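Enquirer: the following block contains a protein sequence and its predicted model.
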Amino acid sequence: MPNLASLGGFLPLIGMLIVFYLFLIIPENKRKKKYNEMINNLRVNDEIITRGGIIGKIVNIQDDFVIVESGPDKGRFKLSKQGISNLVTKTEETEK
């Protein structure tokens, strides 16, 4: 039968792993889930912020890309959906 004192040396390590999981892994998974939900629910005319800080309005949605219109000249550029940082304003869908 193993000595119980030798197992006691592993308790702090196990405790640290549990704390690491609770404070780092679980919140990161929640953040990823929320981000993926936001990306999947993008609509035309939603205002977004890119990871580079550019604010623009979505004018077209393709599979993995969006066409964004930005600036006073209404310049358009193609952006990967993963390049979107945040949703500024969500357009409301009108039901008829």
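Expert: The structure has been received and is ready for your questions. Numbers count the residues shown, from 1 in each chain.

Enquirer: list the contacts of residue 30.
Expert: Contact criterion Cβ atoms under 8 Å, 6 or more residues apart in numbering gives no residues in contact with residue 30. Bear in mind the C-beta positions are built from the backbone N, C-alpha and C, glycine included.

Enquirer: pretty sure it is in a strand, no?
Expert: No. Assessed by DSSP: H, G, I helix; E, B strand; the rest coil, residue 30 does not belong to a strand; its assignment is helix.

Enquirer: what about it, distance to residue 36?
Expert: Remark: distance between residue 30 and residue 36 (Cβ to Cβ, to the nearest Å) = 11 Å.

Enquirer: the helices in this structure, which residues?
Expert: Secondary structure of the chain (DSSP state H): helices located at 4-8, 11-20, 26-40.

Enquirer: tell me what the closest residue to residue 77 other than its chain neighbours is bridged to.
Expert: Leaving aside its sequence neighbours, residue 77 sits nearest to residue 68 (Cβ to Cβ, 6 or more residues apart in numbering; 5.8 Å). According to DSSP bridges, residue 58, residue 77 are recorded as the beta-bridge partners of residue 68.
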